[in-house]
Structures are given as C-alpha cells and as structure tokens.
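**Q** The sequence and its predicted three-dimensional model are supplied below.
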Amino acid sequence: MIRKAEKTAFFQFVDEMKNPVLDYPIDQTFGRIVGEVHIDHVPVDFTKDDFQRTSTEWISAMAYLRGETSLQPGLAGDTPNNSPVYRLYQGFRRVKTPGKTDMYMGYWDSASKKPKRISRDIERDYHQKFLERKPGYYDDTEWWKLVEQADRPPLESIVECPDCSLQNLESAEVCFSCGHIFSGKTCLNPACCTTIQASAVSCPHCGLSQVPEVQEPWICEVCRTKNAAGIDACARCGFPKGAASTVSRDYLLNSSNKSDDLSYPDCSILLPDNTRSAPVDVDVYVTRGPIVPNRSREHLPLVVLKSDRIEIFVDSAHPMFETYGTHPEQLVAGEVAQYIFETHRQLAGGQYSGQFSVSSIEWQVLISRWAEVLEDSSEKVKKDISSFLGHIKERLPEIFGSDAADYYTEMSDTQKKSMFENLLSDGIGIDKLQHIVEVGDFLTHVDDRTIADLLKKFPEKFFDGHIWDVPYIKDIPEIFAETAQERAISVYTNMLEDIINFSEQSRPSIALTHRSRLSLDYLQEKAVVG
C-alpha cells in the first residue's frame, strides 16, 4: 500500500483561484466513504510512500476517479461530473431522518415535535456490544427499539386503565375506579409474593411491613435531610425512604437523551492574560418531559451538575424556549461561562477589571461553538430556502412521472425560458431537451415560482407524503375534504410564495428575514424532503 487513509486527493478541490475547498465530509463531521483503489500504472516516488502527483498518469487517474470539478453540486461549475466518487458523494451526503423513514436510530424530541438522532455515545456503546456479540445487539433487536422510539411521541399525562378503561393521572399507582395497579412491587413476604402498589408501607394481604429494617440513620435523596433509624418517611419533606429526587443525576439520566449538538467537548476559551482556560467537557441532555423539582409546581428550564465536567439537563419544551424565544445554546453557554468565571475569579480584578465577566465569557463560548447555528442572517435564510426548494425539485420527476410531459405543454413562455437558462447553466445542451421532457427531468431545472404554480395546479402531487406529510385525499372524511383541501393549498401556497419573494429581495429587513425563517420552518416541519 502506497497511501493509507488518503483524503486530499479524493475529497479536496482546488478552485480557479488556487484555493483548496473541502468537499467531503461537510454535512457531518463523520465520513462514510471508505474504499481501496488499485492504480498500479501510476509511478511512485523513490521512497515509495507517495505517487508522483505531477505525472500524467496520476492526473488522468484522479480526473477519472473524482472528476475535474468540485463534488458539491452548487460548486461544480458548467462541467458535468459523473465520476465514481461524485456518485458515491451524492449517495452518502444525505443526512438521514431518524425513525422508520430511513431506518435510523433516534428519539422523539417534544420541542420540535419530530425525531432527533441518538447521541454518538450510544452508537459507540451499541457498536461495542455488537462486537462482543451480545444478544439483542449482535442481531437488531435493541437497535430496532431505538428506530421505533424515534417515531413515537411520549405518552400523554393521562393513562387509561386496561381493566375498566377509566382515565387516570399518569402518576397514579392504582386505578381510581377498579383498583388496578399501575405501579407495583412484590410483597417482601416469601409466602405471600402478592403484587401491591409501589408506595405501600405494609402488605394489605399479609400485613408484613414493606420497609426494610434500618439500623443506621439514612439521608433523604429528595431534600438531603438526615433521618433517624426506623423512620419510614423523611421528617422534613415527607417523601418515603428510597424515593429518588426528580432533579438527581440518576433520575435525569434515565429520563433524557444526550444531545451532541448542545454538548461541547474540551471547552476552553482565551483568557484576558492570553492563557487558555482548562478544558472542560460539557455534556448536555434533553429531557423527555418537564423538569419538576420535588414538591414544586414550577418547571425548570434546565438543571446543572458541576464536578470535573459539566452536565446540563435541558427541557427543550419549556416556555423559555418555546414562548419567549430563548435558545438552549444561550443558557448552556451562560452556565459554562459562570463555571469558567468561578475557576478564574482572580482575573476579575486588577489590570483585567471590566474585561473579565460572565457575559464576555458567554459570548466567547457562543461564537466558538454555535456561531453558525445561532446566526440567522438574510444570506443564511436565503441559502436554507435555496436548499429546501432544491430538494423539492429533485423529487418532482419521480412524483409526477408520466404526467410531467403534459405539464410541460402548459408552461408559459417565461417559465420555459427560465428553464432553458437553467439547463444551459447546468451544462445541459438544448439537444437533450426532448429526452428530459419525456422522462420529466426538466422539472429539476424550473425556476422557484414554477413550484408554486405546480402546487396550485396539482396539489395532490404535494401532500399525502409526497412532499409534505399532510392529509389531502387520504385519511380525510368526505364531508370535510373540500374545506381541508382548500385550507392546505392556501396555507402552503402562501408560505411557499413568502419564501420565494424573500429570496428575490436584495436587502431585506430584519423583520422580513425573521418572518421568512418562520415560514421556512413551517414548510419544513412536515416535509418528507431535506
């Protein structure tokens, strides 16, 4: 082997200004294209640890393998790229949707109301168990559970009794009507072994106490009060012995999913004295329900645990995020900033007085980790709109099928002219026009406003899981169908025209940018495309 783990030759493109451009991986930090190429005809240098990259053989081999343009469609220029690496790139660059849609592991996020991918920590754990050939992991039993959970929203706070069908609070241990036990335990008496409710301090059948004899004082996990031996409930808060605190680490870990997007491994910032703060791992978890402190009616937006690392548990559905528009990244950065400030408090006075504050540290953390996520400039919104509309165009030939050619005859001269210009820009000659019309590929080259026109004329091609997972013909009672269809067409057409109009603005205002972002988020919420 001459070159091992070679990346530059295949995945880096040098543009016309001689600037290197990384083509892959860019959508994620993890690449998935791995392979082996035999190019025995290409000469090597005298140490045999690299090829002669200026040789004709090397240049022609690379031109064949990865093409002579960028792998990114938007940067490819006028020269078509049909190389093997380009085709692999197009197949693997797509980010998969967790759940049964793409058979990918994940969890249901209550805030965004859609599935999110699992943490890479879980992927590594499952992979290790696979390598160890553990049952459920060597086959796909445990993996499939994570695929199913991604499509499954959390249970509502009301549960139905399986015996009498009465609705009970989720926290109820027994059914209010028939006594069915929802949360139970087995009686400690070996001769009884009856299932009784979890909070029972004695068995109602045999009378045996269910509280083990305690010979030493115990500490309440809820309020941390030390209680005397023999007391079954905390003298301060009243919780029974052994009850877990709802804000304890173990309780929160069991009711949350780790978020790689919000976590910050090896977090370190530049201090005013030109040294760097000691790296600290910030692990952030998104809870599957509200964070309610013991005996409190108020929900917390997050809980922070600090030791040699920072662990933060965030309720992404808290009103602070959903109603007041605060980003979870801001609160996470604030907690990290407070930690760094406390560990370097000596810099807060003297010559650095006024330079070193929690706010300045928070700003550094935000721009170093989440600058691209939080920055929502008009150019970024336009880029996201272009990407979304591009995904819709890619789907159109498959959705329309043989009906595409009929629509071509209905297109206006303006629409056809715009399409011709796009064809030429993409390096496709007019001599190919008849073929791409017959197969429907011309739809991938129409202008953005033509998409809105198609939606108005052929709404059945866009809903019911084609572009949006919104009922249009399926699952709608006939008596309501017409009203529901008119509303779907009106709402989605207005939103679509809204983002198209914005993308044509040269200098849109902040308010217009924000409105267009909301319209795009609405269109993407139930979209089955990227």
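**A** That came through fine.
**Q** Every contact and neighbour count from this point should use C-alpha atoms.
**A** Fine.
**Q** mind saving the C-alpha coords of stretch 364-382 as PDB?
**A** Written as PDB, here are the backbone C-alpha positions of stretch 364-382 (Å, rounded to 0.1, in the frame of the first residue of the first chain):
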ATOM      1  CA  GLN A 364     -16.800  33.600  23.500                       C
ATOM      2  CA  VAL A 365     -18.400  30.300  24.200                       C
ATOM      3  CA  LEU A 366     -21.300  31.000  21.900                       C
ATOM      4  CA  ILE A 367     -19.200  32.200  18.900                       C
ATOM      5  CA  SER A 368     -16.700  29.400  19.300                       C
ATOM      6  CA  ARG A 369     -19.300  26.600  19.400                       C
ATOM      7  CA  TRP A 370     -22.700  27.700  18.000                       C
ATOM      8  CA  ALA A 371     -21.900  30.800  15.800                       C
ATOM      9  CA  GLU A 372     -23.300  29.200  12.600                       C
ATOM     10  CA  VAL A 373     -26.300  27.700  14.500                       C
ATOM     11  CA  LEU A 374     -27.500  30.900  16.100                       C
ATOM     12  CA  GLU A 375     -26.600  33.400  13.300                       C
ATOM     13  CA  ASP A 376     -29.600  33.800  11.200                       C
ATOM     14  CA  SER A 377     -28.700  36.500   8.600                       C
ATOM     15  CA  SER A 378     -30.700  37.100   5.500                       C
ATOM     16  CA  GLU A 379     -28.000  35.300   3.500                       C
ATOM     17  CA  LYS A 380     -28.200  32.300   5.700                       C
ATOM     18  CA  VAL A 381     -32.000  32.200   5.400                       C
ATOM     19  CA  LYS A 382     -31.700  32.600   1.600                       C
END
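**Q** Now do the buried residues in it.
**A** By 16 or more other C-alpha atoms under 10 Å, the buried positions in stretch 364-382 come out as Gln364, Val365, Leu366, Arg369, Trp370, Ser378, Val381, Lys382.
**Q** Distance from the chain centre to the one helix or strand the second one maps to, please.
**A** Spelled out, that is Val365. Per DSSP states H and E, Val365 falls inside helix 358-369. Relative to the chain's own centre, helix 358-369 is displaced by 23 Å; criterion: C-alpha atoms, centre = their mean, to the nearest Å.
**Q** quick check: mean pLDDT across the very next helix or strand once past it?
**A** Reading on from helix 358-369 to the C-terminus, the next helix or strand found by DSSP H and E is helix 371-374. Confidence for helix 371-374, expressed as mean pLDDT, is 82.
**Q** Same question for stretch 207-222.
**A** Averaged across stretch 207-222, the pLDDT comes to 75.
**Q** go on, stretch 338-348?
**A** 89.
**Q** Check stretch 18-37 too.
**A** Rounded mean pLDDT across stretch 18-37 is 77.
**Q** okay, that stretch in CSV with CA atoms only?
**A** The C-alpha trace of stretch 18-37 is given here as CSV (Å, rounded to 0.1, in the frame of the first residue of the first chain):
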residue,chain,number,x,y,z
LYS,A,18,-5.9,28.1,-6.3
ASN,A,19,-7.8,27.9,-3.0
PRO,A,20,-8.3,24.4,-1.6
VAL,A,21,-12.0,23.6,-0.9
LEU,A,22,-13.0,20.7,1.3
ASP,A,23,-15.8,18.8,-0.5
TYR,A,24,-16.3,15.9,2.0
PRO,A,25,-17.3,15.5,4.7
ILE,A,26,-19.1,18.8,5.2
ASP,A,27,-22.7,17.9,6.1
GLN,A,28,-21.4,15.9,9.2
THR,A,29,-18.1,15.7,10.8
PHE,A,30,-18.0,11.9,10.2
GLY,A,31,-17.3,10.5,6.7
ARG,A,32,-18.8,7.3,5.4
ILE,A,33,-17.0,6.7,2.1
VAL,A,34,-14.2,4.1,2.6
GLY,A,35,-12.6,2.0,-0.1
GLU,A,36,-9.5,0.8,-1.8
VAL,A,37,-8.2,1.8,-5.3
